[in-house]
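# sharing a model prediction with you, sequence too.
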Amino acid sequence: MQQKKSLGQVFLKVDWPVQRMVERLQDLGVKRAIEIGPGGGVLTKALVEAGIRTTAVEKDPRFAEKLQGYAEEIGRTAFGHLSVVQADFLSFDIDSWLAAEEGAAAIVGNIPYHISSPIVLRTLGYLSQLEAVLVMTQLEFAKRVAARPGTKDFGSLTVYSQLRAEVGIEFEVERDCFQPVPKVDSAVLLLQRKSPMLSAEILAGVERVTRHAFTQRRKKLRNSISPFLFGKDESQCPIDLERRADVLSPEEFTVLAAWLLA
């Protein structure tokens, strides 16, 4: 079946990345999963064969129909469980899915490169109810989410993600493992709940400050966040304002935002 460029469809032609993803989910005790954009179903089948109850959310009606046929086949046996939903994951009702049954849950998938940010950002809000979010993304994107302060990949997306999640790159996947062959390599990104979790109010404040700081990432904080400094005694700031945004840790941004917005 031909891929649709408009949906960013790139499919694995080897099994080892899928097997490693499933093994990681098993290590975490995952019993049920939402799969984002299963396409031809390589990961879907591995999930089902591992005994993970899977809800495949597929936007392309051609692949949804094909997966439905597979679901009906395994439904006639005692082996595995698969339900197929033709929908865009960004509008899929995750809350209802989580409430429908019990069991350690995860969100997993080989996600389209061009919508990696909105997909990952949406899943972050559900980490408190999930064992993990395990997704294959463009390597460059994974590096941005997992970046350390002082590196070129570190930015507002990094801070946003790492204040909500424990982040790690599980392994990299070379471009030749896909069909059609993309122009970039991929990586599997693992997101897990962070403890303790910050309140929504604190997170919103940190994000306001962070967005300002990274609009001029090469400038000193004193300049990049100047709107927040009005009326403040800079000598009392807990963070050195001579530093730049790209060298502060997510935790330091939290400290800075708390002082600025107090």
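Sure thing, it's come through.
# correct me, but Gln179 touches Lys13?
Yes - under the criterion of C-beta atoms under 8 Å, Gln179 makes contact with Lys13 at 4.5 Å. To be clear about C-beta, it is placed using only N, CA and C from the backbone, and glycine gets the same treatment.
# show me the shaky parts of the stretch 1-150 of the chain.
Within the stretch 1-150 of the chain, the stretches with pLDDT under 70 are 1-10, 75-80.
# repeat that with 80
Confidence mapping of the stretch 1-150 of the chain against pLDDT under 80 gives the ranges 1-11, 74-80.
# just the strands from it, written as ranges.
For the stretch 1-150 of the chain, the strands defined by DSSP state E, counting those that start in this stretch cover 11-12, 32-36, 53-58, 82-86, 105-110, 132-138.
# how about those in a markdown table, adding mean neighbour count and distance to Thr123?
Converted to a markdown table, these look like this (neighbours: other C-beta atoms under 10 Å; distance: least, C-beta to C-beta, whole Å):
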| stretch | mean neighbour count | distance to Thr123 |
| --- | --- | --- |
| strand 11-12 | 18 | 21 |
| strand 32-36 | 25 | 9 |
| strand 53-58 | 23 | 12 |
| strand 82-86 | 19 | 16 |
| strand 105-110 | 25 | 5 |
| strand 132-138 | 25 | 4 |
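# which residue is nearest the middle of the chain?
For the chain, Val120 is the residue whose C-alpha lies nearest the centre (C-alpha atoms, centre = their mean; 3.0 Å).
# and that one, how far from Ala213?
Val120 sits 21 Å away from Ala213, going by C-beta to C-beta, to the nearest Å.
# tell me where the protein has helices.
All helices of the chain, identified by DSSP state H, fall at 16-27, 42-49, 61-75, 94-100, 116-124, 139-146, 156-162, 200-215, 221-224, 226-229, 250-260.
# if I read this right, Thr55 contacts Thr44, doesn't it?
No - contact criterion C-beta under 8 Å: Thr55 and Thr44 do not qualify, at 10.1 Å.
# what's the overlap in contacts for the two?
Common contact partners of Thr55 and Thr44 (C-beta atoms under 8 Å, 6 or more residues apart in numbering): Glu35, Leu82.
# restrict stretch 225-242 to CA atoms and write it as PDB.
Taking Å, rounded to 0.1, in the frame of the first residue of the first chain, the C-alpha atoms of stretch 225-242 are listed here in PDB:
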ATOM      1  CA  ILE A 225      13.400  38.800  30.000                       C
ATOM      2  CA  SER A 226      13.400  42.500  30.600                       C
ATOM      3  CA  PRO A 227       9.600  42.800  30.600                       C
ATOM      4  CA  PHE A 228       9.500  40.700  33.800                       C
ATOM      5  CA  LEU A 229      12.100  42.700  35.600                       C
ATOM      6  CA  PHE A 230      10.100  46.000  35.700                       C
ATOM      7  CA  GLY A 231       9.900  47.100  39.400                       C
ATOM      8  CA  LYS A 232      12.200  44.200  40.600                       C
ATOM      9  CA  ASP A 233      15.300  44.600  42.700                       C
ATOM     10  CA  GLU A 234      17.700  42.700  40.500                       C
ATOM     11  CA  SER A 235      20.200  42.300  43.300                       C
ATOM     12  CA  GLN A 236      17.700  39.900  44.900                       C
ATOM     13  CA  CYS A 237      17.300  37.600  41.900                       C
ATOM     14  CA  PRO A 238      18.200  34.000  42.800                       C
ATOM     15  CA  ILE A 239      19.600  33.500  39.300                       C
ATOM     16  CA  ASP A 240      22.600  35.400  37.800                       C
ATOM     17  CA  LEU A 241      21.000  37.600  35.200                       C
ATOM     18  CA  GLU A 242      24.400  37.800  33.300                       C
END
